[in-house]
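> A predicted structure for the sequence below; I have some questions about it.
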Amino acid sequence: MKILLALAAQQAEAHKQPHPNFFTILLGKFSYTIERIIAHCKKAVLLLLLVFISLFITTEKPAYAQNAVLTPRQVVEYVLTLEKLEADFYRRAIDVTEKGSLASIPQEAKDAIASFEKDDTKHIDNLSAVLKNLGGNPDAITIPANPNYNAILGRNPFARPKDFLLAGQFLEDLGVAAYKGQVQNLLAAGKAAKPVLATALTIHSIEARHAAAIRFLRETVLGDDVRPWIRNPSEVIYKENRGGSPISFYLEAFDGYATKDEVLTLLTPIIGTTEQRVPVRALW
């Protein structure tokens, strides 16, 4: 009997304990869900933080990283050298077209040469003003009194219309690629480079027009198999298809660029820079 009474007492005590109702169960599940969400959010925030840090701590260079970082002033000094060389080239050509080996060149070509010389002279004036505002001295940017233009093709470019236009294409292609090659340096300089970037972009498009016009003259005046735009890598003077670049420059829809080192390597035999002298590769 005592055993039965004890069992009955235990059952009675068990009935006194409250059973979990619907709201209790729901609240428990809701708390568990919230905990899971918070845990996932912490992981997501940590992952985003790691990605953000990796953007600034990386050992790889960007696909378009320059091999020489230039200040806005250095960029102006650099392209001003190119403009002075181009203007000198066309001034010499004008003299030869009046009475010399290029006198027989069609008038439309003579007019184009005169127009290019005027454009480049204006570029020099504009860049000189920008350089002064940056504290530089435009007169300190010089080219030799007699640049070695023979180094472009390995012969006198002013002796024949064909060679003159080929040499002109060399210089104009180089100018287009050189301006484009400095865009990242100017963007990296921030607000201080805005006037320089604006000037460079306005001149860059004119360089491209000159390059197209030279090709047009080769096609219409000389009957050469060429178009006003670059069709394949053999028609350009700067390195194509850099590793890691998302753009295939050999396609006609895209154009390439040249770094300062590449440009100076090509100009060394012409203007005699202090860097290593190497032969200029002939275009054709």
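All right, it came through fine.
> what's the average pLDDT for stretch 77-94?
What stretch 77-94 shows for mean pLDDT is 97.
> same question, stretch 153-170
94.
> in that stretch, what counts as buried?
Under the neighbour-count criterion of 16 or more other Cβ atoms under 10 Å, stretch 153-170 has 153, 157-158, 160-170 buried. Just so you know, the C-beta spots here come from the backbone N, C-alpha and C atoms, and that holds for glycine as well.
> quick one: which of the residues you listed sit in helices?
Among the buried residues of stretch 153-170, the members found in helices (DSSP state H) are L153, P161, K162, D163, F164, L165, L166, A167, G168, Q169, F170.
> kindly present those as JSON lines, with separate columns for distance to D120.
Shown next, in JSON lines, are those (distance: Cβ to Cβ, whole Å):
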{"residue": "L153", "distance to D120": "20"}
{"residue": "P161", "distance to D120": "20"}
{"residue": "K162", "distance to D120": "22"}
{"residue": "D163", "distance to D120": "20"}
{"residue": "F164", "distance to D120": "16"}
{"residue": "L165", "distance to D120": "16"}
{"residue": "L166", "distance to D120": "18"}
{"residue": "A167", "distance to D120": "15"}
{"residue": "G168", "distance to D120": "11"}
{"residue": "Q169", "distance to D120": "15"}
{"residue": "F170", "distance to D120": "15"}
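> re the thing from before, among the buried residues of stretch 153-170, find me the one that's closest to A129.
Closest approach between the buried residues of stretch 153-170 and A129, by Cβ to Cβ: G168, at 26.4 Å.
> show me what contacts the closest one?
Contacts for G168 (Cβ atoms under 8 Å, 6 or more residues apart in numbering) come out as F89, Y90, A93, F116, P157, I214.
> do you know how far it is from G135?
Look at G168 and G135: by Cβ to Cβ, to the nearest Å, they are 34 Å apart.
> all helices of this structure, in order?
Going by DSSP H, the chain shows helices at 2-16, 22-56, 72-98, 107-133, 150-153, 161-180, 183-188, 194-220, 260-271.
> measure the residue nearest to E117 when sequence neighbours are not counted to K110 for me?
For E117, ignoring the flanking residues on the chain, the nearest one in space by Cβ to Cβ, 6 or more residues apart in numbering is Y90 at 3.7 Å. Distance, Y90 to K110, using Cβ to Cβ: 11 Å.
> higher neighbour count, those two?
Y90 (22 against 16; other Cβ atoms under 10 Å).
> residue ranges in the stretch 151-284 of the chain under the pLDDT threshold?
Where the stretch 151-284 of the chain drops to pLDDT under 70, the residues are 238-246, 249-250, 273-284.
> rerun at 90
184, 191-192, 221, 226, 229-258, 262, 264-265, 272-284 (pLDDT under 90).
> surely E77 touches L131?
Yes. The pair E77 / L131 is scored as a contact, 6.6 Å apart, by Cβ atoms under 8 Å.
> settle it for me: which of the two has more neighbours?
Using other Cβ under 10 Å, the more surrounded residue of E77 and L131 is L131, with 23 against 19.
> how about that one: what's its closest non-neighbour residue?
V76 (4.7 Å).
> check V263 too.
Of all residues beyond its chain neighbours, the one nearest V263 is A178 (4.8 Å), with distances taken as Cβ to Cβ, 6+ apart.
> could you list every residue that touches that neighbour?
Y78, V79, L82, A258, K260, V263.
> compare those and tell me which has the most neighbours.
V79 (28 neighbours).
> if I read this right, that one contacts L127, doesn't it?
Yes. Taking contacts as Cβ under 8 Å, V79 lies within contact range of L127: 6.5 Å.
> picking up where we left off before, next one: the residue nearest to E117 from K84, what distance?
11 Å.
> one more: E117?
12 Å.
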